[in-house]
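In: Provided below are the primary sequence and the corresponding predicted coordinates.
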Amino acid sequence: MRHITRRKVVWAAMAVTTVLGGSRAIGGQDDPLVNTEPIAQVIQRTQQEKPVLAKRHQDLLTLRYDLADRPVPGVVMSRGKPVQGGVRVKLPSGTTWDQLAALTPDEIKTRNVWPEGFYPLPHPHHETGGMLFPKPLIQEIKRQTQRDLNRFDLDFDLPDHMIPENVAGIFLVTRPDLGDVSKGELVTLDNFERIFKQILNPKQLEGLRLLLTPFPQQQFNLTEDRKSVLASQGVACFDCHANGHTNSATHTVGDIRPNDHRHRIDTPSLRGVGVQRLFGSQRALKSVEDFTEFEQRGAYFDGDQTRAARKGVSPLERGSQVHPMGEFQNLLDFPPAPKLNILGRLDPAKSSEAERRGETLFFGKAQCGVCHMAPYYTDNLMHNLQVERFFKEKSINGRLASADGPIKTFSLRGIKDSPPYLHDDRLMTLDDTVEFFNLVLGLKLLPQEKSDLVAFMRAL
């Protein structure tokens with residue numbers, strides 16, 4: 001027994017030596033948390049690189065899109081922000097949308113005429129990735145809480161008029177009589193109790209507090225391996241899902257490798273999350289509680305548990321923390337849709353002819369209703385659009401345009417409040433989305449039919 005014990009000790013010592021001495025082991029030469037470039041040097045280097053990277057990405061956006069500020073007259077989001085309209089994806093030279101729609105996927109691929117804006121959209125610096133927040137959110141969080149969500153190496157890429165409202169409305173399934181309970185305030189730790197203490201029970205209020213509490217994250221933490229100038233408390237759930245909605249903060253998914261296959265993430269709205277049944281970028285999570293627990297443990301650290309432990313991950317306790325967070329999220333309702341009846345269909349007395357024609361198309365020729373079923377306009381399933389049929393694989397600023405695989409059917413209720421669209425933000429407007437699916441599904445829609453479909457979706 002003594003011999004065996006001594007042998008185990010020797011093996012254990014050898015293992016420790018191997019781990020600590022190996023260049024790829026935790027604590028070894030390749031470990032960025034131990035043998036890292038001093039952060040002052042990182043800041044200096046990356047800020048010199050920043051204009052080059054910004055130009056690379058802006059050149060791509062200019063090639064793909066018309067990002068001018070052209071709102072649709074009379075169409076606004078829940079709190080009044082104008083909704084952008086028109087097809088913003090640029091066509092290949094010498095082609096029209098009707099000409100493209102007349103081609104087969106093989107012909108589009110062979111002729112190399114798949115619109116650039118329909119390819120996957122990369123992260124502003126796809127090789128680095130990480131959480132990236134729009135400027136209005138950064139400014140308001142800093143004003144209220146003194147937390148700074150600026151990154152020293154990157155800025156958010158899309159103009160403010162192309163993204164959701166900075167202060168989105170909050171609608172509760174338990175108190176529909178109140179309408180927007182935010183009353184124009186971005187909810188933070190600074191004001192949540194004042195706004196909600198007469199509306200929520202103590203458990204729900206605690207869930208909201210936790211959703212507003214910053215936790216260490218890959219790019220925002222207390223170590224030198226971060227992307228903020230000062231050591232950071234971290235990131236809160238409602239930094240991306242501001243007011244329980246979305247502000248189009250972006251990231252790259254943590255559960256795909258290698259890096260060039262990782263998708264840019266569109267932050268989905270949490271409105272109506274209580275009717276959804278699939279969560280996470282690969283939809284492997286089956287409840288909002290599962291997602292809440294996973295997000296802070298895994299997604300915050302790009303799926304790298306070895307980094308998470310030393311950057312300060314704080315595992316949430318299921319009963320006293322995760323469940324209250326999930327309960328509050330399940331209270332978040334879709335915005336009011338006064339033109340819909342109790343079955344989620346248009347009320348003829350309140351809707352226009354164009355909207356009613358669009359509804360007929362939606363559930364008929366356009367086939368939208370196959371996946372986006374009333375009343376919540378989702379089937380809670382995954383579907384593979386097989387967009388790779390239309391183009392040859394290529395690398396775009398560090399992102400490999402290849403097969404995306406199945407993606408979730410997101411709810412279309414309140415969809416005008418949630419630009420840009422698709423799982424990686426590649427479609428700027430609902431008009432772009434109709435053109436995209438017209439090609440992907442081979443619908444052969446006429447110009448008036450496309451316009452009517454957009455009118456209907458704006459009424460949802």
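Out: Received, thanks. Not measured: the values here are computed from a predicted model.
In: list the buried ones in whichever strand or helix holds residue 41?
Out: Of the helices and strands defined by DSSP states H and E, residue 41 is found in helix 39-64. With burial defined by 16 or more other C-beta atoms under 10 Å, the residues of helix 39-64 counted as buried are 39, 42, 46, 50, 53, 57, 60, 61, 64. (C-beta placed from N, C-alpha, C; glycine too.)
In: could you check how far the closest residue to residue 240 other than its chain neighbours is from residue 239?
Out: Nearest-residue entry for residue 240: residue 249, 4.1 Å, with adjacent residues in sequence omitted and distances by C-beta to C-beta, 6 or more residues apart in numbering. Taking C-beta to C-beta, to the nearest Å as the criterion, residue 249 is separated from residue 239 by 7 Å.
In: just give me the neighbour total for the residue nearest to residue 240.
Out: Counted with other C-beta atoms under 10 Å, residues neighbouring residue 249 total 22.
In: list phi and psi for it.
Out: For residue 249, the backbone dihedrals are phi -50, psi 150 (criterion: degrees, to the nearest 10).
In: can you say which helix or strand has the nearest residue to residue 138 once chain neighbours are set aside in it?
Out: If the residues on either side of it in the chain are set aside, residue 138 comes closest to residue 149, at 4.8 Å by C-beta to C-beta, 6+ apart. Taking DSSP H and E as the definition, one finds residue 149 inside no helix or strand.
In: wait, doesn't residue 149 sit right on residue 139?
Out: No. Counting by C-beta atoms under 8 Å, residue 149 sits too far from residue 139 to count as a contact (9.5 Å).
In: ok, the two, which is more surrounded?
Out: The neighbour comparison of residue 149 against residue 139 (other C-beta under 10 Å) goes to residue 149, with 25 against 14.
In: distance of the more buried one relative to residue 293?
Out: When C-beta to C-beta is the yardstick, residue 149 and residue 293 sit 23 Å from each other.
In: low-confidence bits of this structure, can you list those?
Out: Within the chain, the ranges that satisfy pLDDT under 70 run 1-35, 281-283.
In: all helices of it, in order?
Out: Across the chain, reading from the start of the chain, the helices by DSSP state H fall at 2-21, 39-64, 97-101, 105-111, 135-145, 192-196, 202-211, 237-240, 288-297, 305-311, 323-329, 353-362, 430-440, 447-458.
In: relative to residue 405, which of those helices is closest?
Out: Comparison of those against residue 405 by C-beta to C-beta identifies helix 430-440 as nearest, at 14.6 Å.
In: flag every buried residue along the closest one.
Out: Residues of helix 430-440 classed as buried: 430, 431, 432, 433, 434, 435, 436, 437, 438, 439 (neighbour count, 16+ other C-beta under 10 Å).
In: and for stretch 128-143?
Out: Using 16+ other C-beta under 10 Å as the burial criterion, the residues of stretch 128-143 that qualify are 128, 129, 130, 131, 132, 133, 134, 136, 137, 138, 140, 141.
In: likewise stretch 173-188?
Out: The neighbour-count check on stretch 173-188 (16+ other C-beta under 10 Å) flags 180, 181, 182, 185, 186, 187, 188 as buried.
In: hmm, who's touching that stretch?
Out: Defining contact as C-beta atoms under 8 Å, 6 or more residues apart in numbering, one finds that stretch 173-188 is touched by 78-79, 137, 140-141, 144-145, 166-172, 191, 195-196, 199, 208, 212, 238, 242-243, 274, 330-333, 336.
In: mind checking which of the residues you listed are buried?
Out: The buried subset of the contacts of stretch 173-188 - by 16+ other C-beta under 10 Å - is 78-79, 137, 140-141, 145, 166-172, 195-196, 199, 208, 212, 238, 242-243, 274, 330-333.
In: now residue 200: closest residue in space that isn't a chain neighbour?
Out: Closest residue in space to residue 200, ignoring its immediate chain neighbours: residue 208 at 6.7 Å, by C-beta to C-beta, 6+ apart.
In: actually residue 324, sorry about that
Out: Nearest in space to residue 324, with sequence neighbours left out and distances taken as C-beta to C-beta, 6+ apart, is residue 207 at 3.3 Å.
In: so what touches stretch 353-360?
Out: By C-beta under 8 Å, 6+ apart, the surrounding residues in contact with stretch 353-360 are 339, 345-346, 348, 351, 449, 451-457, 459.
In: let me redo that: stretch 71-82
Out: Applying C-beta under 8 Å, 6+ apart, the contact partners of stretch 71-82 are 83-85, 161, 164-165, 167-169, 171, 180, 184, 335-336, 414, 416-417, 458.
In: then stretch 243-251 to CSV, C-alphas only?
Out: Taking only C-alpha atoms (Å, rounded to 0.1, in the frame of the first residue of the first chain), the coordinates of stretch 243-251 have been written out as CSV:
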residue,chain,number,x,y,z
ASN,A,243,-35.2,47.6,-20.9
GLY,A,244,-35.9,43.9,-21.6
HIS,A,245,-35.7,44.5,-25.4
THR,A,246,-32.5,44.8,-27.5
ASN,A,247,-30.2,47.7,-28.5
SER,A,248,-28.3,45.6,-31.2
ALA,A,249,-25.2,45.1,-29.0
THR,A,250,-23.2,42.5,-30.8
HIS,A,251,-20.7,39.7,-30.1
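In: how far is it from where the chain is centred?
Out: How far stretch 243-251 lies from its chain's middle: 6 Å, per C-alpha atoms, centre = their mean, to the nearest Å.
In: cool, stretch 321-336 as well?
Out: 18 Å.
In: quick one on the thing from earlier: just so I know, which of the helices of the chain lies nearest residue 383?
Out: Checking the helices of the chain against residue 383 by C-beta to C-beta gives helix 430-440 as the closest, at 10.6 Å.
In: report the distance from that closest one to the chain centre.
Out: The chain centroid and the centroid of helix 430-440 are separated by 20 Å under C-alpha atoms, centre = their mean.
In: same question for stretch 49-58.
Out: For stretch 49-58 - counting by C-alpha atoms, centre = their mean - the centre lies 22 Å from the chain centre.
In: for residue 297, what are its contacts?
Out: Residues in contact with residue 297 (C-beta under 8 Å, 6+ apart) are 308, 313, 315, 316.
In: residue 156 now?
Out: When contacts are taken as C-beta under 8 Å, 6+ apart, residue 156 is in contact with 124, 132, 133, 134, 135, 249, 250.
In: same question, residue 315
Out: Residues counted as contacts of residue 315 (C-beta under 8 Å, 6+ apart) are 296, 297.
In: likewise for residue 134?
Out: Neighbours of residue 134 in contact, by C-beta under 8 Å, 6+ apart: 156, 158, 160, 163, 166, 247, 248, 249.
In: so the closest residue to the fifth one other than its chain neighbours versus residue 117, what's the distance?
Out: Going back to what we said before, that points to residue 166. On the basis of C-beta to C-beta, 6+ apart, the spatially nearest residue to residue 166 that is not a chain neighbour turns out to be residue 136, at 3.9 Å. Relative to residue 117, residue 136 is positioned 24 Å away (criterion: C-beta to C-beta).
In: give the contact list for residue 226.
Out: With contact taken as C-beta under 8 Å, 6+ apart, residue 226 is in contact with 39, 219, 220, 232.
In: kind regards, and thank you for your time.
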